[in-house]
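Peer 1: coords please:
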Amino acid sequence: MTLDPDETRRQASAWDARGEVLLAVTRGASVESVHRGVVAVADASGDYLGGAGDPEMPVHLRSAAKPFQALALVSSGAADELGVPDEELAVVCGSHSGEERHVRLVAGLLERLGLSVDDLVCGAHPPFDREARAALASAGLEPTALHCNCSGKHAGMLALARFFGAPTAGYESVAHPVQRHIAATIGRVLGIDQRTVFDGVDGCGVPVVRVTALQAATLFARLALGADQALARVRDAMIAHPALVAGAGRFDTRVMEGAGGGVLAKTGAEGVQALGLLAGPALGPVGCLIKVEDGGDRPVPVLTAAVLRSWRGETATAALAGHDAGEVRSVAGAVVGEMLVVPSAGDLRRRNPGRPAVGGPTPGPLLGVRLTMASRDDREVTRFLRANWPGADEELLGQAHDWRSEAVVVAARDGRRMVGACRGTLVGGVASLEELLVAAERRGLGVGSSLLSAFEAHARANGCHKVSLRTPRGSQAEAFYRGRGYRREGDLWAHHFRHDLRVMAKEL
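Peer 2: This next block holds a predicted model:
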C-alpha cells in the first residue's frame with residue numbers, strides 16, 4: 001500500500017508545522033522520515049517567485065559559489081589578460097571529477113602562470129571518477145591536489161593573484177587581495193556589503209560564501225540572464241562545457257547536458273543545489289537555491305525535478321536525465337515506498353509574484369475620490385467591510401468565509417489577587433495568543449503553563465486547528481513556548497518598537 005500525495009502531505013505536516021518540510025519519504029501507509037530546508041526561486045531583479053521554507057535563511061553556498069568566484073577572474077580582466085579559454089574557465093567554475101582532461105586543464109593553467117601543483121592549498125583526495133581512481137591505483141600513484149575537485153577554482157584564484165601582482169602564498173586568506181576582490185564582486189552583483197559575504201572556511205581552505213537563500217537564487221538568475229558581459233561569459237562557458245563543470249555521470253553535468261543549454265546546475269556540499277534557468281519562449285530567466293537542512297543530498301534530485309517541472313513543464317524531462325525517480329526500493333529491487341515533494345507546484349511557482357510588469361501602467365490620480373481618516377470606530381466603515389468582504393474572499397480565496405472573531409481571556413488568581421492572565425482571539429480556525437503574563441514572583445511555578453493549556457483547550461473545543469503567537473526572538477519566552485510544542489513559522493524584523501519578533505505556532 002502506498003499513500004496518495006494529499007495523505008502524504010497531511011502526515012508530513014505533523015512532523016513540522018513551520019512549512020519547511022521539503023520531502024517526505026513514505027514506506028507502506030506511513031511517512032517514515034522527512035527532509036526540511038528551503039527552496040527559493042527568484043528572478044534577476046531579486047523578486048521572490050515561489051518556493052518553500054524561509055527564503056531569508058542564511059545558506060553557506062560551498063561549491064555552489066564557484067561560478068561567482070570565477071566571475072572575479074573574468075570581471076577583473078584577468079581572464080583576458082592571461083588568455084584563459086572557456087574550457088579552463090568551466091573547470092574554474094566546477095567541482096570536477098579528477099578525470100584526465102580535468103587534471104590536464106588545471107595543470108596547463110598553472111604552467112602558464114609559472115606555478116605548479118605545490119602552489120595549490122586545496123589538499124588532495126582520490127578522483128570522484130571511478131576510472132581515474134582505478135588508473136592511479138594501478139600505477140601505484142597517490143592522488144595530488146590536481147585531483148581535488150576544487151583545484152580548478154584554486155588555479156583561478158592563483159591566476160587572479162598573478163594578475164594583481166600579489167603574492168601567491170596566502171591567496172586563501174580572507175585578507176588577501178584575491179579574496180577581497182571575490183567578496184567585492186559578489187557584493188556588487190547582489191548590491192550588498194562585501195564585508196558580509198564570507199563566513200567560515202570551506203573544505204578546500206578558502207573563505208565560504210554565505211548569503212540568504214533568496215540572494216543565492218538571485219545570483220543564479222542574474223547568471224542565467226548574463227546580466228553583464230562577465231556574467232554572460234561565465235554562463236556561456238558552463239553551458240558549452242558541462243562535462244568540465246562536474247564530470248561523466250555526475251548530476252550537474254547530466255542535468256545541463258539534458259537541458260541542451262537551457263539550465264545551469266551547480267551543486268554545493270551539505271545539501272546545496274543551485275539552478276539557473278535561462279529564458280524560455282514565454283519566460284524570463286530565473287534562479288533557484290535548494291538547501292536541505294540535514295545536509296543530505298538524497299532529496300536534491302527529486303527537488304530539482306520538481307522545480308524544473310514547475311518552471312519548464314514537460315520540456316524539462318530530458319534535463320532530469322533519469323534523476324527524478326522517487327521510488328524507495330528494497331535490496332531486491334521492489335518498490336516499497338516513495339519520495340514525495342511536499343510543496344506543491346503552485347508553491348514552487350507563483351504565477352503572480354505581486355509586482356507590476358516592467359513598463360506596465362502606473363496608478364493614476366484618484367479622480368473624484370475624497371479620503372477621510374478617523375482614529376475611532378466608524379460604523380459606516382464596518383458595514384462597508386462586512387458587505388464587501390464575501391465578494392473579495394470569493395475572488396482571493398475561492399469561497400466566502402465567516403470572519404467573526406471571539407475574544408478569549410483567561411485569568412489565574414490566588415484568592416482575590418490576580419497572578420497571571422492571557423488573552424487572544426479565535427477567528428477562522430486560528431487562535432491568536434496576543435498576551436500572556438505571570439506576576440514576577442509566581443514565574444516558574446506552572447502558572448504560565450496552566451494559562452496556556454486552558455487557552456489551547458478552549459481554542460480546540462471551539463474548532464481551532466492552530467495557535468499562533470509572536471514573541472521576542474531569542475528570549476526566555478521563546479524558550480518557554482518551544483518547550484510546550486511551539487515551532488518557528490517566521491520572523492518579523494525591526495517590528496513593534498523595532499524589536500525582532502519570532503512568529504510561532506502549534507497544531508492542536
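
Peer 1: CA atoms for contacts and neighbours, from now on please.
Peer 2: Will do.

Peer 1: how does the chain divide up, domain by domain?
Peer 2: The chain breaks down by automatic domain parsing into domains covering 43-348, 406-507.

Peer 1: so for the last one, mean pLDDT?
Peer 2: Taken as a whole, domain 406-507 has an average pLDDT of 91.

Peer 1: and Gly333, how far from Val255?
Peer 2: Separation of Gly333 from Val255 (Cα to Cα, to the nearest Å): 25 Å.

Peer 1: with Leu141 instead?
Peer 2: 32 Å.

Peer 1: again, but for Arg473
Peer 2: Arg473 is 40 Å from Val255, where distance means Cα to Cα.

Peer 1: repeat that for Ala440.
Peer 2: Here the criterion is Cα to Cα. By it, Ala440 lies 60 Å from Val255.

Peer 1: equivalent analysis for Arg442, please.
Peer 2: Distance, Arg442 to Val255, by Cα to Cα: 61 Å.

Peer 1: the more surrounded of those two?
Peer 2: Neighbours around Arg442 and Val255, counted as other Cα atoms under 10 Å, are more numerous at Val255. The numbers are 30 against 12.

Peer 1: next secondary structure after the longest strand seen in the chain?
Peer 2: Longest strand in the chain, counting residues (DSSP state E): strand 30-43. Sequence order places strand 48-52 as the next helix or strand after strand 30-43, per DSSP states H and E.

Peer 1: show me what that next one is packed against.
Peer 2: strand 30-43, helix 345-348 (3 or more Cα pairs under 8 Å, 6 or more residues apart in numbering; DSSP states H and E).

Peer 1: got the CA positions of that strand in PDB?
Peer 2: Extracted in PDB, the C-alpha atoms of strand 48-52 (Å, rounded to 0.1, in the frame of the first residue of the first chain):
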ATOM      1  CA  TYR A  48      10.800  36.000  -4.700                       C
ATOM      2  CA  LEU A  49       8.800  34.000  -7.200                       C
ATOM      3  CA  GLY A  50       8.000  30.900  -5.100                       C
ATOM      4  CA  GLY A  51       9.400  28.100  -3.000                       C
ATOM      5  CA  ALA A  52       9.100  26.700   0.500                       C
END
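
Peer 1: how far out from the middle of the chain is it?
Peer 2: Taking the mean of its C-alpha atoms, strand 48-52 sits 9 Å from the chain's own mean (Cα atoms, centre = their mean, to the nearest Å).

Peer 1: that one: what's the following helix or strand?
Peer 2: Beyond strand 48-52 in the direction of the C-terminus, DSSP H and E gives the next helix or strand as strand 58-60.

Peer 1: which parts of that following strand are buried?
Peer 2: Applying a neighbour-count criterion of 16 or more other Cα atoms under 10 Å, one finds 59-60 buried in strand 58-60.

Peer 1: got the buried residues for the helix or strand containing Trp311?
Peer 2: Secondary structure assignment for Trp311, by DSSP H and E: helix 300-312. Under the neighbour-count criterion of 16+ other Cα under 10 Å, helix 300-312 has 300-311 buried.

Peer 1: closest one of those to Leu340?
Peer 2: The closest of the buried residues of helix 300-312 to Leu340 turns out to be Val302 (Cα to Cα; 8.0 Å).

Peer 1: distance of the closest one relative to Leu308?
Peer 2: For Val302 relative to Leu308 (Cα to Cα), the value is 10 Å.

Peer 1: likewise Glu441?
Peer 2: Going from Glu441 to Leu308 by Cα to Cα gives 57 Å.

Peer 1: do the same with Gln69
Peer 2: Distance of Gln69 to Leu308, computed by Cα to Cα: 25 Å.

Peer 1: can you check Ala44 too?
Peer 2: As judged by Cα to Cα, Ala44 and Leu308 stand 17 Å apart.

Peer 1: one more: Thr26?
Peer 2: 23 Å.

Peer 1: dump stretch 292-312 to PDB, keeping only the CA atoms.
Peer 2: Provided in PDB are the C-alpha atoms of stretch 292-312 (Å, rounded to 0.1, in the frame of the first residue of the first chain):
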ATOM      1  CA  VAL A 292      18.500  20.500   2.700                       C
ATOM      2  CA  GLU A 293      18.600  21.200   6.400                       C
ATOM      3  CA  ASP A 294      20.300  17.900   7.400                       C
ATOM      4  CA  GLY A 295      23.000  18.300   4.700                       C
ATOM      5  CA  GLY A 296      21.900  15.100   2.900                       C
ATOM      6  CA  ASP A 297      21.900  15.100  -0.900                       C
ATOM      7  CA  ARG A 298      19.200  12.300  -1.300                       C
ATOM      8  CA  PRO A 299      16.400  14.800  -1.700                       C
ATOM      9  CA  VAL A 300      18.200  17.100  -4.200                       C
ATOM     10  CA  PRO A 301      17.500  15.200  -7.500                       C
ATOM     11  CA  VAL A 302      13.800  14.900  -6.700                       C
ATOM     12  CA  LEU A 303      13.500  18.500  -5.600                       C
ATOM     13  CA  THR A 304      15.400  19.700  -8.700                       C
ATOM     14  CA  ALA A 305      13.000  17.700 -10.800                       C
ATOM     15  CA  ALA A 306      10.000  19.400  -9.100                       C
ATOM     16  CA  VAL A 307      11.500  22.900  -9.700                       C
ATOM     17  CA  LEU A 308      12.300  22.200 -13.300                       C
ATOM     18  CA  ARG A 309       8.800  20.800 -14.000                       C
ATOM     19  CA  SER A 310       7.100  23.700 -12.200                       C
ATOM     20  CA  TRP A 311       9.000  26.200 -14.400                       C
ATOM     21  CA  ARG A 312       9.700  24.400 -17.600                       C
END
